[in-house]
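**Student:** Got a sequence here, can you model it:
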Amino acid sequence: MSEWRETTIGDVMLLQRGVDITKSEQRPGTVPVVSSGGISSYHDTAVSDGPGVVIGRKGTLGKTFYLYGPYWPHDTTLWVKDFKGNCPRFVYYFMATMNFLSMDVGSSNPTLNRNHVHPIPIRWPTLSIQNAIAAVLGALDDKIAVNERIAATALDLADANFGRVEISTRATLAELVQRGELAFGDGYRTKKVEHGHPGIPILRVSDIQHGQICPTPTDFVSVEFRPQMGAKVSQAGDVVLTTKGTVGRVALVPDGLSEYVYSPQVCFFRPSSIGAIGSHFIFLWMRSREFAAQVEPLKGQTDMADYISLSDIRGLRIGVPEDAQLRQLTETVRPLLERIEAAQRESLTLAALRDTLLPKLMSGQITIREAESLVEEAT
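**Tutor:** Now for the predicted structure:
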């Protein structure tokens, strides 16, 4: 019997539309609420016990997520209600290879209908092949998860050091700009977006997770628009802040990251060499309770609860310590943040290898043994 057979998506899994829940309906808990862009919040109740596979249904179309434990799939997603005896992790990797952009049924907001997904013809392997492919690719994702834990520990230590800083003066971000110590702005607004085509990838809200940039680019801006983007293209040392959708995610752009154009939902901060305040301080300040306390009331001043304007950001007040203490803080947190950057760079390399192997394994262009050898070298 052949190890692969011709079938349809609906024959090997049952997709279900997610369950709507508002922020006000959520209670404190540890169950992730998974929206089309990823984990957006947490609740005390799960829709599924996991493991689970969730796919962006609305907005961020087709982006795929794997959940190890209990989770709540939001209404903006599809989730696998029944794996029909197949390997959940393989289902995740398989669905990640699918291009759902051509199945958009939304008028203005991209939307994916499960009834259009179920009939799609596919080649499907036996369970033993599923498990083998999932193990190979899972080894890369497991190492990425280790790096994320290392980065999280280092970030907690950096946050703790920042919390002990004594403030001597205060200034608004606009004042820092006027003095030439800081430049910042929002992302590049254009309708000239190409789905899945070469160009400059767009850095979106969903690419900023846990204080790090974890890009999974699906949308690009044509290179012909590069001269118009100006400062809105990423540079090492930039601090990025999400300003729409999920407000308040912050990350530091590491050395070695490919060039990205910031989306309109992302604001960037670029400290100047003439100022005492550097990227590390801005980054940690935006992770602090003081920053959150200033931002939270501003979100309610517009019709959009999950939005903060650039003009409001300009008015935020930042506390600055004496130069000597600022230098001491920088010396203390630099090795911690460099450790985070190193883990992030390795994870990006591993993710690139995973994304290269994934379609080749699915199509049979590379054997499982060959893929295992490449993974062993990388990890």
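**Student:** For the stretch 51-200 of the chain, just list every one of the strands.
**Tutor:** Secondary structure of the stretch 51-200 of the chain (DSSP state E, counting those that start in this stretch): strands located at 52-56, 64-67, 72-73, 77-82, 121-125, 169-172, 182-186, 193-195, 200-203.
**Student:** Ok, which of those comes nearest P359?
**Tutor:** strand 121-125 (12.4 Å; CB to CB). Bear in mind the C-beta positions are built from the backbone N, C-alpha and C, glycine included.
**Student:** out of the strands of the stretch 51-200 of the chain, which comes closest to R314?
**Tutor:** strand 169-172 (6.7 Å).
**Student:** Mean confidence (pLDDT) on that closest one, please.
**Tutor:** The average pLDDT within strand 169-172 is 92.
**Student:** Given it, what are its sheet partners and their directions?
**Tutor:** Strand pairing for strand 169-172, using DSSP bridges, gives strand 317-320 (antiparallel).
**Student:** low-scoring stretches of the stretch 151-300 of the chain, by residue?
**Tutor:** Where the stretch 151-300 of the chain drops to pLDDT under 70, the residues are 191-197, 300.
**Student:** Following the chain past the longest helix along the chain, name the next helix or strand.
**Tutor:** For the chain, the longest helix by residue count, based on DSSP state H, is helix 323-363. Counting by DSSP states H and E, the next helix or strand C-terminal to helix 323-363 is helix 368-378.
**Student:** what's next to that following helix, contact-wise?
**Tutor:** Helix 368-378 has contacts (CB atoms under 8 Å, 6 or more residues apart in numbering) with 129, 132-133, 136, 139-140, 349-350, 353, 357, 360-361.
**Student:** Out of the residues you listed, show me where the pLDDT dips lowest.
**Tutor:** Lowest pLDDT among the contacts of helix 368-378: T349, 91.
**Student:** Excluding chain neighbours, what is closest to it?
**Tutor:** A378 (7.3 Å; CB to CB, 6 or more residues apart in numbering).
**Student:** State the distance from the one you found to A231.
**Tutor:** For A378, the distance to A231 equals 35 Å [CB to CB, to the nearest Å].
**Student:** now F269
**Tutor:** For F269 relative to A231 (CB to CB), the value is 11 Å.
**Student:** For I21, find the nearest of the strands of the stretch 51-200 of the chain.
**Tutor:** Set against I21 and scored by CB to CB, the strands of the stretch 51-200 of the chain come closest in strand 72-73, at 6.6 Å.
**Student:** SS state for the nearest residue to R189 once chain neighbours are set aside?
**Tutor:** In space, not counting the residues next to it along the chain, R189 is nearest to P264; the distance is 5.0 Å by CB to CB, 6+ apart. Following DSSP: H, G, I helix; E, B strand; the rest coil, the label given to P264 is coil.
**Student:** same check, this time on the one 4 residues further on
**Tutor:** The assignment at F268 comes out as strand when based on three-state DSSP.
**Student:** That one bridge partners, please.
**Tutor:** The partner residues for F268, given DSSP bridges, come to G185, V240.
**Student:** Give the burial count for it, as a bare number.
**Tutor:** Neighbour count for F268, taken as other CB atoms under 10 Å: 21.
**Student:** try Y42
**Tutor:** Residues contacting Y42 under the criterion other CB under 10 Å number 15.
**Student:** check which helix or strand covers it.
**Tutor:** Using DSSP H and E, Y42 sits in strand 38-43.
**Student:** I'd like the average pLDDT over that strand.
**Tutor:** 89.
**Student:** could you pull out the helices for the stretch 101-250 of the chain?
**Tutor:** 114-117, 127-163, 173-178, 226-229 (DSSP state H, counting those that start in this stretch).
**Student:** and the longest one with helix 323-363, angle?
**Tutor:** Counting by axes from the mean of the first three to the mean of the last three CA atoms, to 10 degrees, helix 127-163 points 170 degrees away from the direction of helix 323-363.
**Student:** For helix 127-163, buried residues please.
**Tutor:** 129-141, 143-144, 147-148, 150-151, 154-155, 157-159, 162 (16 or more other CB atoms under 10 Å).
**Student:** which helices and strands does that helix pack with?
**Tutor:** In terms of contacts (3 or more CB pairs under 8 Å, 6 or more residues apart in numbering; DSSP states H and E), helix 127-163 is packed against helix 88-96, helix 279-285, helix 323-363, helix 368-378.
**Student:** Could you do the first one as well?
**Tutor:** Counting contacts by 3+ CB pairs under 8 Å, 6+ apart, helix 114-117 is packed against strand 14-17.
**Student:** Please list the residues outside the strand it packs on that contact it.
**Tutor:** 9, 55, 57, 73, 75, 77-82, 84, 114, 117-118.
**Student:** Fine by me, we can end here.
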